[in-house]
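**Student:** turn this into a model:
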Amino acid sequence: MKTTTLIAGLNVHTYTTESFTSSTKPILALFVLHGRLGSTESPYVQDLISALVNAAADSEKAQDLMVVAFDHRNHGSRLRSEVANLDFKDNPNHMHDMYSIQMGTAKDVSFVMDLLESYLFPSGERTIAEWGCCGVSLGGHSTWIVAATDPRVKIAIPIIGCPDTLGLMVPRAEGQGIAIGPPHFPESLLKVIKATSLTGLPYTSKGDDNPFLGKKILVLCGGSDRLVPWTASQGFVEGLEVGTGSKEVVVEEGAGHEVSAAMKSAVVRYVMDVL
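**Tutor:** Model (predicted):
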């Protein structure tokens, strides 16, 4: 069952089972974020959402699942410029746009979290007890950011995404013969990126300063992915400390930049285990 709620001009879609409306169980709200050039209506997004909702309908869990989705900035219903979503070949501001969209969408997730329960359950009928975020490609980048910046998000599933912005984008630019400097990489932009980079966080620490401690993280990557290669994420992911949380990493041999059937099954299995 799909419901669309307008929050500050943003169309926020929620997907639940048919029995959701008559239930009083606490809710696990899981954001599903699409990739670059896509939207909430992209087939791979809808397939993943359907698989999650169908699995929830067939199980008896302590919590009800509610999938939440909205379009990235400058995508889908929010599209303002097609060029701004293209890569270096056609868009000299590719670094600017990739960074601003993934950061902006992460902020949108937290903003929606602030308000969603009040819009859906104005009389306190239900409680969202747990939050998670799952994202594909560009949505995977945003998922990493949300996991690091919002303590309410306890479950993170980045699919073919990367936590290291410059570790991904610098080799991509160099592979196209682009210098790491103005105009593609202005110093003012690099300063902002470095100041907010997840690689600058104490992600390997076992102390309370590590924002990933206690979180449940499933990392899904394609072993043959050339657009967002596993090597761009590997150092961060392998060094990531989650303490009493959990970290599962699957690098699927032969998979490219895609949401494979195995990846979709892994997401469903993981969410059902934590529900």
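**Student:** flag every buried residue along the top helix by length along the chain.
**Tutor:** Using DSSP state H, we find that the single longest helix of the chain is helix 94-120. Along helix 94-120, the positions that meet the burial threshold by neighbour count (16 or more other Cβ atoms under 10 Å) are 94-103, 105-106, 108-110, 112-113, 116-117, 120. From N, CA and C alone the C-beta is placed, and that goes for glycine too.
**Student:** who are the packing partners of it?
**Tutor:** In terms of contact count using 3 or more Cβ pairs under 8 Å, 6 or more residues apart in numbering; DSSP states H and E, helix 94-120 is assigned the packing partners strand 2-7, strand 10-15, strand 27-33, strand 128-136, helix 138-149, helix 165-175, helix 187-196.
**Student:** residue 258 is nearest to which of the ones you listed?
**Tutor:** strand 128-136 (9.2 Å; Cβ to Cβ).
**Student:** against which helices or strands is the closest one packed?
**Tutor:** Packed against strand 128-136, as judged by 3+ Cβ pairs under 8 Å, 6+ apart, are the following elements: strand 27-33, helix 43-57, helix 94-120, helix 138-149, strand 153-159, helix 261-274.
**Student:** tabulate those (CSV), appending distance to residue 128 and mean pLDDT.
**Tutor:** Conversion of the helices and strands packed on strand 128-136 to CSV gives the following (distance: least, Cβ to Cβ, whole Å; pLDDT from 0 to 100):
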stretch, distance to residue 128, mean pLDDT
strand 27-33, 5, 99
helix 43-57, 15, 97
helix 94-120, 5, 98
helix 138-149, 15, 99
strand 153-159, 12, 99
helix 261-274, 15, 98
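**Student:** dump those to CSV, plus distance to residue 173.
**Tutor:** Shown next, in CSV, are the helices and strands packed on strand 128-136 (distance: least, Cβ to Cβ, whole Å):
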stretch, distance to residue 173
strand 27-33, 24
helix 43-57, 27
helix 94-120, 7
helix 138-149, 16
strand 153-159, 22
helix 261-274, 27
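**Student:** out of the ones you listed, the one nearest residue 4 is which?
**Tutor:** helix 94-120 (11.0 Å).
**Student:** ok now that closest one, how far from the chain's centre?
**Tutor:** On the basis of Cα atoms, centre = their mean, to the nearest Å, helix 94-120 sits 10 Å off its chain's mean C-alpha point.
**Student:** can you tell me which residues contact the closest residue to residue 62 other than its chain neighbours?
**Tutor:** By the measure of Cβ to Cβ, 6 or more residues apart in numbering, the closest residue to residue 62 outside its immediate chain neighbours is residue 25, 6.9 Å from it. Shown here is residue 25, whose contacts under the criterion Cβ atoms under 8 Å, 6 or more residues apart in numbering are 61-64.
**Student:** closest to residue 192 out of the helices and strands packed on strand 128-136?
**Tutor:** Where the helices and strands packed on strand 128-136 are weighed against each other on Cβ to Cβ, the nearest is helix 94-120, at 7.8 Å.
**Student:** next, the angle from the closest one to strand 27-33.
**Tutor:** Using axes from the mean of the first three to the mean of the last three Cα atoms, to 10 degrees, the interaxial angle of helix 94-120 with respect to strand 27-33 works out to 150 degrees.
**Student:** tell me the angle of helix 94-120 relative to helix 165-175?
**Tutor:** 140 degrees.
**Student:** renumber starting at 49 from here on
**Tutor:** Taking 49 as the first residue, the last one we looked at is helix 142-168.
**Student:** and the angle from helix 142-168 to helix 235-244?
**Tutor:** Regarding helix 142-168 and helix 235-244, their directions subtend 50 degrees when assessed with the same axes, to 10 degrees.
**Student:** so helix 142-168 versus strand 201-207, what angle?
**Tutor:** Using the same axes, to 10 degrees, helix 142-168 lies at 140 degrees relative to strand 201-207.
**Student:** between helix 186-197 and helix 142-168, find me the angle.
**Tutor:** 70 degrees.
**Student:** circling back to that earlier point, how big is the angle separating the longest helix of the chain from strand 50-55?
**Tutor:** Angle, helix 142-168 to strand 50-55, by the same axes, to 10 degrees: 100 degrees.
**Student:** pretty sure residue 53 contacts residue 114?
**Tutor:** No. In this structure residue 53 lies outside contact range of residue 114 using Cβ atoms under 8 Å: 11.6 Å.
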